[in-house]
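> Dropping a prediction and its sequence here:
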Amino acid sequence: MKLIKDNEGVTYEGPGHFNCWNLRKLASGTDSKRLSASMTHFLPNGGAEMSAAPKERVYLCLAGSLMLKGVKNDEYYLEPGDMVYIAPGEERSVEVIGTEPATILVFIADLD
């Protein structure tokens with residue numbers, strides 16, 4: 001068992017992310033065998049450019065409103081308590097909706 005307090009974690013730059021602050025709370029291969037967990041705080045007008053990642057991800061919206069877009073013009077609106085699963089290699093972009101900051105908890109599974 002490992003307790004990670006609210007103020008604990010390591011900040012990092014997310015590739016293609018803008019107007020946000022990322023905090024890795026749990027690192028695969030260091031703190032856990034296969035799981036990473038990060039908290040991302042997006043400012044209004046913040047988000048992430050269209051990209052894909054090789055690992056499974058789950059985004060859980062904790063505060064604010066976000067829109068995720070896929071390459072086929074699919075749109076997913078997230079509000080607090082909403083969650084979205086992103087398959088390996090699936091492209092998506094993220095943008096904050098409205099004038100309030102948004103926070104997501106990101107879980108990444110390392111199955112390799």
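Nice, thanks for sending it over.

> what sits against residue 61?
78, 79, 80, 81, 82, 83, 102, 103, 104 (CB atoms under 8 Å, 6 or more residues apart in numbering). (Each C-beta comes from the backbone N, C-alpha and C, glycine too.)

> Disregarding residues adjacent in the polypeptide, which is nearest to it?
residue 78 (4.0 Å; CB to CB, 6 or more residues apart in numbering).

> again, but for residue 47
According to CB to CB, 6+ apart, the nearest residue to residue 47 is residue 95 (3.8 Å).

> dump the residue contacts of that neighbour.
46, 47, 66, 67, 69.

> For it, give its distance to residue 30.
31 Å (CB to CB, to the nearest Å).

> cool, residue 18 as well?
Residue 18 is 27 Å from residue 30, by CB to CB.

> Ok, residue 55 next?
From residue 55 to residue 30 the distance is 16 Å (CB to CB).

> Compare residue 18 and residue 30 and say which one has the larger neighbour count.
A direct count of neighbours by other CB atoms under 10 Å for residue 18 and residue 30 places residue 18 higher, at 14 against 10.

> quick one, what contacts the more buried one?
Going by CB under 8 Å, 6+ apart, residue 18 touches 46, 47, 48, 49.
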